[in-house]
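A.B. asks: just a sequence and a predicted model for now, questions to come.
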Amino acid sequence: MDGKQVAGAFQKGQNIGQYQVIGTLNRGKLAETYIGRHTSHNALVQIEVLRPPLIAELREDFLAQAQTLRKLEHPHILKLRDADVENHYAFLITDYISSVSLRQVYPSGTIVPLAKFLPYLKRVAAALQYAHDQKIVHGDVRPENILLDRDNHILLWGFTIEAIKQNRKRVRFAEGETMKEAIAYSAPEQIQKRATAASDQYSLAIIVYEFLSGELPFTGSYLEIADKQVHTPPPALRQKAQGISTKIEETVMKALEKDPRQRFPDVWTFINTLQQALDARRPASGGQRVPPPPPVMPRQIVPPAPAQVAPPPQVAATQVPPAVPAQAPLILAAQNPPPATPVPVFKDSTLAPRRGEGSTMTRRAFAAGLVGLAALGGAGGWYILSKRLAQPAPPTVKPDDVPPATPTVVNNKGALIFTGHLASVNAVDWSPDGRLIASASDDRFVQIFDAQSGQRKLIYSGHTEEVAAVAWSPNGRLIASGSQDTTAQVWNAANGTKVFTYKGHRDRVNGVSWSSDSAMLASVSEDRTVQVWQAGNGALAFDFRGHTAGVLCIGWQPDDSSVASGSWDGTLRDWATVQHGDHFNAGDQIFNYGGHGKNEVYALSWSPKGSFVASAGADQTVQISNGVNGTGIPPFFTGHKSNTHVNPVRAVAWSPDGNFIASGDTDGIVLVWQVVGRKVIFTYRGHKGAINALAWSPDGKRIASASADSTVHVWQPR
């Protein structure tokens, strides 16, 4: 990738693969969207650079799934022309077509006669039926993903790419309000992560219900909507949409059955039956099925000559080309800019309901499904959000105000399991006296609980988005936390009162670390920087900018003479915070360790004396490097597979006595290693999701492990 780039953003004139950026269309949390030009034949294209950077192990899955989508050739599907990965960022290339979404044509709350919008949905159904016949499920059918071009031609986009969803889940990357919009159109089985072709039919029926009545069948917080989608029948349509026939209502409600087997055989039968009900020419059921339009050869979208397309050559980098079709009907929101480009997605259509499953499910199964959806960090992420999260909240919240009210259980092997979080737990740290544990989660809360009993002591709700990092100050008085909301916050560990909010970063804060005197903090971010600042007032001491991709982890050397950082760029770097004799000035880079190859460095931990630093990476290893010059020594994981990680290693922690290292991987396994001899002495398999963080108790007798399964476990390694 050319030129200067910050967190996936590009400027006019830069190249992304074989395409040159000529203008910016949209910059959102999930993607940067540009108008570009092929460097060889000058065809205008739309470039979607997906965020966050793609985990190395998912690269081949992404390319394979994108290749499947490239095979879709239908006149009502926006054509995916190309897809690739460059410098860790996945990008998608589609035809550039000036358009508006169906949501812009019919804003929320608009009541539209069935005869007016059904012709559009017939074309959407034809596109979906074609995709389903190719064993591809869309997975995100909603008005925002249905486009009208200048000729009122319908184009469907937004197919789910599972690798991108898994990538966001693995790195705990959030999708925010987009997920609340999507859950309103999600089928019950989709919430349980068993989407089928019938799930797209359900989503299309939600659109029909919404347009006829001006209301979605279910509203509320994310959690409330998800619960209703699974357990509550939709309100009677005729109560909300006066004047529609019984047959129309029966058709829509059948497509909204909780059990996918009780819906229509396929999406085209649903729309065809709806047309019959509208025409009242034959019963809504029992008539001869009209086949969908054949998948005719798509419109030939020949790469146009530059002079034949908009925008004109002088378009500014930040100027959005005209997006409103010249003759589109009922343009009620033409003055609004087009929404951010949704992420095209691939969905595994082989996931079908198990034999014998009906339309009901237990609340426990529902909760388990939400845990899966809540994880784009444990998310394509989906989140679990309550009404409280959407509204301003005081710094502390009483335990009983946030479910579950009784969050602890002790299993039969003696491990304390804290279940107080609603989503993936991303970070964990002990109080210096070893009595309490702080944990941070995608649910936007930091919680403090008793390390012996599991009793919740405090909930901190000062962040507005998911919390990625937490660190207890060495003096025990303060806690620092970092979040997707781009802030690092310092707050009182005793009562949750906010002390200071640091706003020096421009993107997600992935890690925070205290100096030994509790006076300074180091924080790292997706904005590629390592920043060292005063905890009391945020005064910046150092701003290290050597990484070429987002920075994932941070740690002070025990004597405070440097801070080490690990990044998406595959390097572990050490930065001087004091003068190192005649060798390094404060602010210099001391070493750049690349022992993980081009694989991400997820976590690091200094040995107690600062002589060595351990780093965990996507290459399935824990590496040890010299703390003075970064010289690598043989990695821990050599020998038989049963004694090594076979998945990316997400967490690493050195014991206080320096004799052991604990490491956790994406399969939920924690290995405890004896440093001398590189020998595994204990394996912990209690988690049901990826291990995101590990922390030894100050006395070295217990380990706290945080996981994407929404729990924190406290256990003895020997």
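C.D. replies: Perfect, thanks for sending it.
A.B. asks: wait, residue 105 sits on residue 147?
C.D. replies: No: using C-beta atoms under 8 Å, residue 105 makes no contact with residue 147, being 9.8 Å away. Using the backbone N, CA and C atoms, a C-beta is placed for each residue, glycine as well.
A.B. asks: and the next helix or strand past the helix ranked longest in the chain?
C.D. replies: Counting residues, the longest helix found in the chain (DSSP state H) is helix 114-133. As assigned by DSSP states H and E, the chain's next helix or strand after helix 114-133 is strand 136-137.
A.B. asks: would you mark the buried spots in the longest helix of the chain?
C.D. replies: Neighbour counts over helix 114-133 (16 or more other C-beta atoms under 10 Å) mark 114, 117-118, 120-132 as buried.
A.B. asks: okay, now residue 594: neighbour count?
C.D. replies: Each residue near residue 594 was counted by other C-beta atoms under 10 Å, and the total is 17.
A.B. asks: quick one, what contacts it?
C.D. replies: Residue 594 is in contact with 570, 571, 572, counting by C-beta atoms under 8 Å, 6 or more residues apart in numbering.
A.B. asks: tell me the phi and psi of the closest residue to residue 257 other than its chain neighbours?
C.D. replies: With sequence-adjacent residues excluded and distances taken as C-beta to C-beta, 6 or more residues apart in numbering, residue 257 is closest to residue 263, at 5.1 Å. Listed backbone geometry of residue 263 is phi -80, psi -170, with angles given as degrees, to the nearest 10.
A.B. asks: which parts of stretch 262-278 are buried?
C.D. replies: Buried residues in stretch 262-278, counted by 16+ other C-beta under 10 Å: 263-264, 266-278.
A.B. asks: can I get that stretch in CSV? Just the C-alpha atoms.
C.D. replies: In CSV, the C-alpha atoms belonging to stretch 262-278 read as follows (Å, rounded to 0.1, in the frame of the first residue of the first chain):
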residue,chain,number,x,y,z
GLN,A,262,-43.3,-23.9,9.1
ARG,A,263,-42.5,-21.1,6.6
PHE,A,264,-42.9,-21.3,2.8
PRO,A,265,-40.8,-23.9,0.9
ASP,A,266,-38.6,-21.1,-0.5
VAL,A,267,-38.4,-17.4,-0.7
TRP,A,268,-40.0,-17.2,-4.2
THR,A,269,-43.0,-19.2,-3.1
PHE,A,270,-43.5,-16.6,-0.3
ILE,A,271,-43.4,-13.6,-2.7
ASN,A,272,-45.5,-15.4,-5.3
THR,A,273,-48.1,-16.2,-2.7
LEU,A,274,-48.1,-12.6,-1.5
GLN,A,275,-48.7,-11.5,-5.1
GLN,A,276,-51.6,-13.9,-5.3
ALA,A,277,-53.1,-12.5,-2.1
LEU,A,278,-52.7,-9.0,-3.5
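A.B. asks: in the stretch 101-250 of the chain, which spans are strands?
C.D. replies: 136-137, 146-149, 154-156 (DSSP state E, counting those that start in this stretch).
A.B. asks: export these to CSV and append columns for mean pLDDT and mean neighbour count.
C.D. replies: Formatted as CSV, the strands of the stretch 101-250 of the chain follow (pLDDT from 0 to 100; neighbours: other C-beta atoms under 10 Å):
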stretch, mean pLDDT, mean neighbour count
strand 136-137, 95, 24
strand 146-149, 90, 23
strand 154-156, 94, 23
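A.B. asks: so which of the ones you listed is nearest residue 487?
C.D. replies: Nearest to residue 487 among those is strand 146-149; the distance by C-beta to C-beta comes to 35.6 Å.
A.B. asks: what does the closest one contact?
C.D. replies: 78, 97-102, 105, 120, 124, 154-157, 325, 328.
A.B. asks: what lines up beside that strand in the sheet?
C.D. replies: If you go by DSSP bridges, strand 146-149 pairs up with strand 99-101 (antiparallel), strand 154-156 (antiparallel).
A.B. asks: now that strand: how far from the chain's centre is it?
C.D. replies: Put simply, strand 146-149 sits 26 Å off its chain's centre (C-alpha atoms, centre = their mean, to the nearest Å).
A.B. asks: hang on, the earlier thing: quick one: distance of the longest helix of the chain to the chain centre.
C.D. replies: The answer for helix 114-133 is 29 Å, by C-alpha atoms, centre = their mean.
A.B. asks: okay, now the unreliable bits of this protein?
C.D. replies: Low-confidence segments of the chain, defined by pLDDT under 70: 1-8, 171-180, 280-413, 634-643.
A.B. asks: at 80 what do you get?
C.D. replies: 1-11, 26-29, 42, 150-152, 169-181, 242, 280-414, 580-583, 632-644, 718 (pLDDT under 80).
A.B. asks: helices of that one, residue ranges please.
C.D. replies: For the chain, applying DSSP H gives helices covering 59-70, 102-105, 114-133, 162-170, 177-183, 188-191, 197-213, 222-231, 237-240, 246-255, 267-279, 363-373, 387-390.
A.B. asks: what's the fourth one packed up against?
C.D. replies: In terms of contact count using 3 or more C-beta pairs under 8 Å, 6 or more residues apart in numbering; DSSP states H and E, helix 162-170 is assigned the packing partners helix 59-70.
A.B. asks: and the contacts of the helix it packs on?
C.D. replies: Applying C-beta under 8 Å, 6+ apart, the external contacts of helix 59-70 come out as 54, 80-85, 90, 92, 136, 159, 161-164, 166-167, 344, 346.
A.B. asks: returning to that earlier point: now tabulate the contacts of residue 594 in TSV and tack on distance to residue 542 and neighbour count.
C.D. replies: Output for the contacts of residue 594, formatted as TSV (distance: C-beta to C-beta, whole Å; neighbours: other C-beta atoms under 10 Å):
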residue	distance to residue 542	neighbour count
570	23	23
571	18	24
572	17	25
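A.B. asks: outline the domain layout of this protein.
C.D. replies: Segmentation of the chain into domains, based on automatic domain parsing, reads 15-95, 100-293+321-356, 387-715.
A.B. asks: make CSV out of the ones you listed and add distance to residue 9.
C.D. replies: Below are the domains of the chain laid out as CSV (distance: least, C-beta to C-beta, whole Å):
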stretch, distance to residue 9
domain 15-95, 6
domain 100-293+321-356, 14
domain 387-715, 10
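A.B. asks: re the thing from before, for residue 30, find the nearest of the helices of the chain.
C.D. replies: Across those, closest to residue 30 is helix 177-183 (C-beta to C-beta), at 6.7 Å.
A.B. asks: how close does residue 68 sit to residue 61?
C.D. replies: To residue 61, residue 68 is 11 Å away according to C-beta to C-beta, to the nearest Å.
A.B. asks: count of neighbours near residue 218?
C.D. replies: Residue 218 is flanked by 18 other residues according to other C-beta under 10 Å.
A.B. asks: spatially nearest residue to it (excluding sequence neighbours)?
C.D. replies: residue 228 is the one closest to residue 218 (C-beta to C-beta, 6+ apart), at 4.1 Å.
A.B. asks: quick one, what contacts the one you found?
C.D. replies: Residues near residue 228 by C-beta under 8 Å, 6+ apart: 217, 218, 220.
A.B. asks: quick one on the thing from earlier: any chance of the helices of the chain in TSV, plus distance to residue 13?
C.D. replies: Below are those laid out as TSV (distance: least, C-beta to C-beta, whole Å):
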stretch	distance to residue 13
helix 59-70	26
helix 102-105	30
helix 114-133	36
helix 162-170	27
helix 177-183	30
helix 188-191	42
helix 197-213	40
helix 222-231	40
helix 237-240	52
helix 246-255	49
helix 267-279	44
helix 363-373	40
helix 387-390	40
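A.B. asks: those helices: which one's closest to residue 648?
C.D. replies: Among the helices of the chain, helix 162-170 comes nearest to residue 648, with 7.9 Å by C-beta to C-beta.
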